[in-house]
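# for reference, the sequence and a predicted model appear below.
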Amino acid sequence: MTAPFWPRVSPAFLRVRLAVRPFAEGPVPIIGLSGGPDSVALVAAARAEGAPAHAVIIDHDLQKRSAEVAQHAAALAARCGCPSTIVRIDVPTADEGMEAAARRSRYAALEEFAAGRDIWVGHTMDDQAETLLLSALRGRVTGMQSRRGNIVRPLLGVRRADTVAACEELGFEYWRDPHNEDTRFRRVALRKQVLPVLNEIIGGDCVPAFAQAAADAALAHSFVQEGIVVGDTLEIAELQVHPARRRQLIAAWLHHHNAQVKGDTISAIERLVTDWHGQGEVLVGAQGLAVRRRGGILSVSHSTRDR
């Protein structure tokens, strides 16, 4: 038996692995690997958690040494025990700008290679916060979902600092994209110039709050897209569906009540359906709200614990 490729003490990598773990069971995913810290940490965590992933490295040929960067990314994937394929693409000139055109071409290439399989990408909590701000500047607040169609984002609850630290713990020399330092790009300008000022103004870290707002916006958008309608109560019979659909319905219902929509909260409520043995209420936020089961119905009301 070969030794694992991760060190014995690796707290940042452990955080990345824990984020990936719920997604690791299932068919072989395709992972978009750029060679940057987020996607490298994602590939490493996927393999550490036993996901039989295949990394796809898109070479846009937009920068000098792009072929060398792609080969280095493939070597990192190999160190993780992950097979990889390099796909070279041409990015057409478009009115939308080079950055948007490259992104569109990249996803098209990933979709073609995946042929319907899940595609994992390494967006982090920091990317989520930046997406919220960028969309607000365009007049329509949006966010990213952990899953939309076959696009899966396991790291939306992980900070960029953790993916960087994870790569350092593993001894992986990741690619430092020079575009990520160029403030002519709006996303980079927000990251380098705007967010630090906002942090200073509030005397703390604004990224988690922005990321949560983005996640809420993405969830609300998905409800509209799928026509999900919920009422004040949920019938247990409605929740005897595929687990992913059940969690989506519970999240929509909590959102309807302005309650806390978090993964561990949804899991606890899910157990009221799938593992019912008379357990008590589930707290769903700081407002003192709780979910309880009565017969075949779930309802939300103020908690009775402090009465």
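That came through, no problem.

# going forward, measure contacts and count neighbours with C-alpha atoms only.
OK.

# what lies in contact with the longest helix along the chain?
Criterion DSSP state H: the longest helix present in the chain is helix 207-226. The set of residues external to helix 207-226 that reach it, using Cα atoms under 8 Å, 6 or more residues apart in numbering, is 125-126, 128-129, 131-133, 141-145, 195, 229, 252.

# stretch 126-140 now?
Contacts of stretch 126-140 with the rest of the structure, by Cα under 8 Å, 6+ apart, involve 141-144, 156, 159-160, 186-187, 190-191, 207-211, 213-215.

# what about 7 Å?
Outside stretch 126-140, the residues within contact range by Cα atoms under 7 Å, 6 or more residues apart in numbering are 141-144, 156, 159-160, 187, 190, 207, 210-211, 214.

# quick check: which of the residues you listed has the minimum pLDDT.
Among the contacts of stretch 126-140, V141 carries the lowest pLDDT, at 84.

# where does the prediction get shaky in the chain?
Across the chain, residues meeting the criterion (pLDDT under 70) sit at 1-4, 94-96, 224, 226-230, 242, 244, 260, 286, 305-307.

# show me where it has its helices.
Across the chain, reading from the start of the chain, the helices by DSSP H fall at 11-20, 37-48, 66-79, 98-114, 125-137, 160-170, 186-189, 195-202, 207-226, 243-256, 263-274.

# could those helices be laid out in JSON lines, adding mean neighbour count and distance to V152?
Conversion of those to JSON lines gives the following (neighbours: other Cα atoms under 10 Å; distance: least, Cα to Cα, whole Å):
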{"stretch": "helix 11-20", "mean neighbour count": "20", "distance to V152": "10"}
{"stretch": "helix 37-48", "mean neighbour count": "26", "distance to V152": "11"}
{"stretch": "helix 66-79", "mean neighbour count": "19", "distance to V152": "19"}
{"stretch": "helix 98-114", "mean neighbour count": "16", "distance to V152": "12"}
{"stretch": "helix 125-137", "mean neighbour count": "20", "distance to V152": "14"}
{"stretch": "helix 160-170", "mean neighbour count": "20", "distance to V152": "17"}
{"stretch": "helix 186-189", "mean neighbour count": "16", "distance to V152": "21"}
{"stretch": "helix 195-202", "mean neighbour count": "13", "distance to V152": "26"}
{"stretch": "helix 207-226", "mean neighbour count": "18", "distance to V152": "14"}
{"stretch": "helix 243-256", "mean neighbour count": "18", "distance to V152": "13"}
{"stretch": "helix 263-274", "mean neighbour count": "16", "distance to V152": "15"}
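
# wait, which of these is closest to V282?
The closest of the helices of the chain to V282 is helix 263-274. By Cα to Cα, the value is 6.6 Å.

# so what does that closest one touch, helix or strand wise?
Secondary-structure packing of helix 263-274 (3 or more Cα pairs under 7 Å, 6 or more residues apart in numbering; DSSP states H and E): helix 243-256.

# helices or strands next to the helix it packs on in the packing?
If contacts are counted by 3+ Cα pairs under 7 Å, 6+ apart, helix 243-256 sits against helix 263-274.

# residues making contact with the helix it packs on?
Applying Cα under 7 Å, 6+ apart, the contact partners of helix 263-274 are 236, 247, 250-251, 282, 284, 293.

# nearest to I30, of those?
Checking those against I30 by Cα to Cα gives R247 as the nearest, at 23.9 Å.

# contacting residues around the closest one?
Residues near R247 by Cα under 7 Å, 6+ apart: I266.

# where's it relative to R187, distance?
From R247 over to R187 the distance is 32 Å, taken as Cα to Cα, to the nearest Å.

# what does L195 give?
Taken as Cα to Cα, the spacing of L195 relative to R187 amounts to 11 Å.

# likewise for I269?
On the measure of Cα to Cα, I269 and R187 end up 37 Å apart.

# if I read this right, E281 contacts R292, doesn't it?
Yes - assessed by Cα atoms under 7 Å, E281 is found in contact with R292 at 4.5 Å.

# now the common contact residues for the two.
Taking Cα under 7 Å, 6+ apart as the contact criterion, no residue touches both E281 and R292.

# now do the domain split for this protein, please.
Under the assignment named as the TED database, the residue ranges that make up the domains of the chain are 11-181, 228-302.

# redo the ones you listed as TSV? Include distance to G203.
Formatted as TSV, the entries for those read as follows, by distance: least, Cα to Cα, whole Å:
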stretch	distance to G203
domain 11-181	17
domain 228-302	22
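
# what does stretch 170-180 rub up against?
Contacts with stretch 170-180, where a contact means Cα under 7 Å, 6+ apart, come from 6-7, 35-37, 188.

# at 6 Å what do you get?
Residues external to stretch 170-180 that are found in contact with it (Cα atoms under 6 Å, 6 or more residues apart in numbering): 6, 35-37, 188.
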